[in-house]
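Peer 1: what shape does this take:
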Amino acid sequence: MDYKVDILAFGAHPDDVELSCAGTLIKNMKLDYTVAIVDLTRGELGTRGNAPKR
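Peer 2: Numbers count the residues shown, from 1 in each chain. As a prediction, this is how the structure comes out:
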């Protein structure tokens, strides 16, 4: 399946992208850009909680 997006945001852990650039992503979504987020880990070694919490 092919997905085409205008903005692809990468984060090391779940919620990293949301915490660091959610405003930018929302602004661009309102301008009709498509956005996707890629989390590179499950957050299992995060300092702000464990994988299920994040």
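Peer 1: for the protein, what spans make up the strands?
Peer 2: 7-11, 35-39 (DSSP state E).
Peer 1: contacts for the last one?
Peer 2: Applying CB atoms under 8 Å, 6 or more residues apart in numbering, the external contacts of strand 35-39 come out as 3, 5-14, 16-18, 25, 28-29. (C-beta placed from N, C-alpha, C; glycine too.)
Peer 1: try 6 Å this time
Peer 2: The list of residues contacting strand 35-39 from outside it, by CB atoms under 6 Å, 6 or more residues apart in numbering, reads V5, I7, L8, A9, F10, G11, P14, V17, L25, M29.
Peer 1: please spell out the PyMOL selection for the buried subset of the residues you listed.
Peer 2: Here is the PyMOL command that selects the buried residues among the contacts of strand 35-39 (16 or more other CB atoms under 10 Å):
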select buried, resi 9+11+14+17+25
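Peer 1: from the contacts of strand 35-39, which is closest to G43?
Peer 2: Taking CB to CB as the measure, P14 is the one of these closest to G43, at 4.8 Å.
Peer 1: is it correct that that closest one is in contact with G43?
Peer 2: Yes - because the distance of 4.8 Å satisfies CB atoms under 6 Å, P14 is recorded as touching G43.
Peer 1: hmm, who's touching stretch 2-17?
Peer 2: Identification of contacts with stretch 2-17 by CB under 6 Å, 6+ apart yields 28, 33-41, 43, 46, 54.
Peer 1: the residues you listed into TSV, with extra columns for neighbour count and pLDDT?
Peer 2: Conversion of the contacts of stretch 2-17 to TSV gives the following (neighbours: other CB atoms under 10 Å; pLDDT from 0 to 100):
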residue	neighbour count	pLDDT
N28	15	98
Y33	12	98
T34	12	97
V35	15	97
A36	14	96
I37	18	96
V38	9	96
D39	17	94
L40	11	93
T41	14	88
G43	21	73
G46	17	61
R54	16	55
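Peer 1: among these, which two are most distant?
Peer 2: Of all pairs drawn from the contacts of stretch 2-17, the one with the longest distance (CB to CB) is Y33 and G46, at 28.5 Å.
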